[in-house]
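Asker: Quick check, what structure comes out for this input:
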Amino acid sequence: MLRLENCLIENGGFSLHADLTIATGSRVAVIGPSGAGKSTLIEAVAGFRPLRRGAMFWSEAALAQIEPGKRPVAMLFQDGNLFPHLTVAQNVGLGIRANLRLDASQRAQVQAALVRVGLDSMADRKPAALSGGQQSRVALARVLVQGRDLLLLDEPFAALGPALKAEMLDLVAELVGESGATLLMVSHDPNDARRIADQVVLVADGQAHPPMDTASLLDNPPPALKAYLG
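Answerer: As a prediction, this is how the structure comes out:
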């Protein structure tokens, strides 16, 4: 379970308040107007933004005292962060060891992840030789090998076309279902939330609201969300 207790998160001159609980294994979309603080929220969970006030817990462990790299968190950013000079397999292997000195079992882990995202035949290719959708799959495989309990997505598929984005969202849903990971997914598109999220956290007016049932919130949006959705 992820708990944010009376948290104040600052990003430059912007402040975001959060007091909410997300159940283990939930699939949660984080939506709201542009600039409302959606990315700020998940960056705080990942440890990239400190808490000005409050406390954050995963199960009973206080996250604020844990360095980002040691948190039970894997994060997928908007651009995927692939290294152009490394092969597909090497980019995935970075999720296990930054120096890429992998033993046989770790190399097998990379291969298994590539099989799972449908790229096992492309392990030796460089990112430039891949389509946008294939690059997204590489980034997802790198997250997969980390085996973390919390998966944070910051609009990683925003640049993809509708059909390809839907395909990637379905793959994410399958992977978190298999692993039991808890998913927090930032999105500007309510259709993304309807597709794979059980619940929605609305971020608006400096507040990250507690999660609500996806259909209930989107079918009867409060004023801030209604204005954003038009």
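
Asker: which parts of the longest helix along the chain are buried?
Answerer: Looking across the chain with DSSP state H, the single longest helix is helix 162-179. The neighbour-count check on helix 162-179 (16 or more other C-beta atoms under 10 Å) flags 164, 165, 166, 167, 168, 169, 171, 172, 173, 175, 176 as buried. Backbone N, C-alpha and C define where each C-beta goes, glycine included.

Asker: Please name every helix or strand in contact with that helix.
Answerer: helix 132-146, strand 150-154, strand 182-186, helix 190-196 (3 or more C-beta pairs under 8 Å, 6 or more residues apart in numbering; DSSP states H and E).

Asker: just the ones you listed: most buried one?
Answerer: strand 182-186 (a mean of 25; mean count of other C-beta atoms under 10 Å).

Asker: ok so, going back, specify which member of the buried residues of helix 162-179 is nearest to residue 117.
Answerer: Lowest distance from residue 117 to the buried residues of helix 162-179 (C-beta to C-beta) belongs to residue 171, with 6.8 Å.

Asker: So that closest one is in contact with residue 117, correct?
Answerer: Yes. With contact defined as C-beta atoms under 8 Å, residue 171 counts as touching residue 117 (6.8 Å).

Asker: Residues in contact with both of the two, list them for me.
Answerer: 137, 140 (C-beta atoms under 8 Å, 6 or more residues apart in numbering).

Asker: which residues touch the helix or strand of the chain with the lowest mean pLDDT?
Answerer: One helix or strand of the chain scores below all others by mean pLDDT, DSSP states H and E: helix 223-229, with a mean of 81. With contacts defined as C-beta under 8 Å, 6+ apart, helix 223-229 is touched by 31, 32, 33, 190, 202, 204, 205, 217, 218, 221.

Asker: rerun that using 7 Å as the cut-off
Answerer: 32, 33, 190, 202, 204, 205, 221 (C-beta atoms under 7 Å, 6 or more residues apart in numbering).

Asker: Please tell me how far the residue sitting furthest away from the middle of the chain sits from residue 111.
Answerer: Within the chain, the residue lying farthest from the chain centre (C-alpha atoms, centre = their mean) is residue 104, at 28.5 Å. Distance of residue 104 to residue 111, computed by C-beta to C-beta, to the nearest Å: 11 Å.

Asker: ditto for residue 157
Answerer: To residue 111, residue 157 is 24 Å away according to C-beta to C-beta.

Asker: So which of the two has more stuff around it?
Answerer: Ranked by neighbour count (other C-beta atoms under 10 Å), residue 157 and residue 111 place residue 157 first, with 27 against 15.

Asker: Show the contacting residues for that one.
Answerer: Shown in contact with residue 157 (C-beta under 7 Å, 6+ apart): 136, 165, 168, 169.

Asker: Give me the pLDDT value at the residue nearest to residue 119 when sequence neighbours are not counted.
Answerer: Closest residue to residue 119 apart from its sequence neighbours, by C-beta to C-beta, 6 or more residues apart in numbering: residue 137 at 5.4 Å. Per-residue confidence (pLDDT) for residue 137: 91.

Asker: what does the model give residue 76 for pLDDT?
Answerer: For residue 76, pLDDT reads 89.
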